[in-house]
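Here's a sequence, model it:
(chains A and B)
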Amino acid sequence: ELKVEQNPLFLSMQEGKNYTIYCNYSTTSDRLYWYRQDPGKSLESLFVLLSNGAVKQEGRLMASLDTKARLSTLHITAAVHDLSATYFCAVNAGNNRKLIWGLGTSLAVNP
Amino acid sequence: DTGVSQDPRHKITKRGQNVTFRCDPISEHNRLYWYRQTLGQGPEFLTYFQNEAQLEKSRLLSDRFSAERPKGSFSTLEIQRTEQGDSAMYLCASRLWTPPLTGELFFGEGSRLTVL
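From the prediction side, this is the model:
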């Protein structure tokens, strides 16, 4: 059974600092997703990573994928308060491509 | 296109009552998924449709839950005889599935259920 683990689950950081969130998954998959969720809101797609070595960047967020290590990272550069949210990674599973989700990383960026 | 829409956004009900949620996917999307999310957890897969056919239902889903997608357009998720443990956010998502391409999954705003 495919499992997805995120680390850390909670992250409190100061504005201007850098940090990385890690996502490990247990079996091979053809793509990995990063989503953002604000409190009480739905899920917003951030990145879709399709292949080994894929790197995507949007603003202060950069995601990468290492399929051999079954690891994805979400790097935050010079954090700002607006980035405070919960970040989920998810992986395609099985022929029906349903997503298996990590528990999420709750990020708080403090002034 | 306004994206995936869900209705109602919030529902408060008493234990034992039935509730129904509706999801309107993005019009050209042929796959529709239902997920459930509780506080502090990631979304949990419930079921999904390819057009009007329900292709998989989670074994975690009791027989009190039923979903339909008549005509392959909107979908409904009904919970009968609600229990307090059913309190959660119910999320609908859709995508265009054209193998080998897997389209991006778009989520609705969710329907929050509170069972008293």
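
Give me the helices and strands touching the longest strand along chain A, please.
With secondary structure taken from DSSP state E, chain A has its longest strand at strand A:85-93. Where contact means 3 or more CB pairs under 8 Å, 6 or more residues apart in numbering or on different chains; DSSP states H and E, strand A:85-93 is packed against strand A:4-7, strand A:19-25, strand A:32-37, strand A:71-76, strand A:98-101, strand A:105-110. (Glycine included, C-beta is placed from N, CA and C.)

What residues are bridge-paired with the closest residue in space to residue A:37 that isn't next to it in sequence?
Closest residue to residue A:37 apart from its sequence neighbours, by CB to CB, 6 or more residues apart in numbering or on different chains: residue A:86 at 4.7 Å. Assessed by DSSP bridges, residue A:86 has beta-bridge partners residue A:37, residue A:106.

So what are the sheet partners of the least confident helix or strand in chain A by mean pLDDT and their directions?
The helix or strand of chain A with the lowest confidence, counting by mean pLDDT, DSSP states H and E, is strand A:98-101 at a mean of 86. Sheet pairing of strand A:98-101 (DSSP bridges) gives strand A:85-93 (antiparallel).

Now stretch B:68-75: average pLDDT?
Across stretch B:68-75, pLDDT averages out at 92.

Straight-line length of it, end to end?
5 Å (CA to CA, to the nearest Å).

Pull the distance from that stretch to the chain's centre.
The chain centre lies 12 Å from the centre of stretch B:68-75; the measure is CA atoms, centre = their mean, to the nearest Å.

tally of neighbours for residue 2?
Going with chain A. For residue A:2, the neighbour count with other CB atoms under 10 Å in any protein chain shown is 15.

if you could check chain B rather than the one you did, that'd help
Neighbour count of residue B:2, defined by other CB under 10 Å: 7.

Residue B:54 too?
For residue B:54, using other CB under 10 Å, the count is 16.

Please confirm that residue A:79 is located within a strand.
No. Read with DSSP: H, G, I helix; E, B strand; the rest coil, residue A:79 is coil and lies in no strand.

Let's have the helices and strands packed on strand A:85-93 in TSV, adding distance to residue B:83.
Output for the helices and strands packed on strand A:85-93, formatted as TSV (distance: least, CB to CB, whole Å):
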stretch	distance to residue B:83
strand A:4-7	28
strand A:19-25	32
strand A:32-37	25
strand A:71-76	36
strand A:98-101	23
strand A:105-110	27
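
Lowest average confidence across those, which one?
When the helices and strands packed on strand A:85-93 are compared by mean pLDDT, strand A:98-101 comes last with a mean of 86.

Report the backbone C-alpha coordinates of the helix or strand where residue B:112 lies in CSV.
Here residue B:112, judged by DSSP states H and E, is contained in strand B:111-115. C-alpha atoms of strand B:111-115 as CSV (Å, rounded to 0.1, in the frame of the first residue of the first chain):
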residue,chain,number,x,y,z
SER,B,111,-19.0,21.1,1.9
ARG,B,112,-18.5,21.2,5.7
LEU,B,113,-20.8,18.8,7.6
THR,B,114,-21.4,19.1,11.3
VAL,B,115,-23.5,16.4,12.9
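
Quick check: phi and psi at the residue in chain B that chain A sits nearest to.
When scored by CB to the nearest CB, chain B has residue B:42 as its residue closest to chain A, at 3.2 Å. Dihedral pair for residue B:42: phi -80, psi 170, per degrees, to the nearest 10.

What's the separation between it and residue A:14?
27 Å (CB to CB, to the nearest Å).

These two: which has the busier surroundings?
Just comparing residue B:42 and residue A:14: by other CB under 10 Å the higher neighbour count belongs to residue B:42, 22 against 10.
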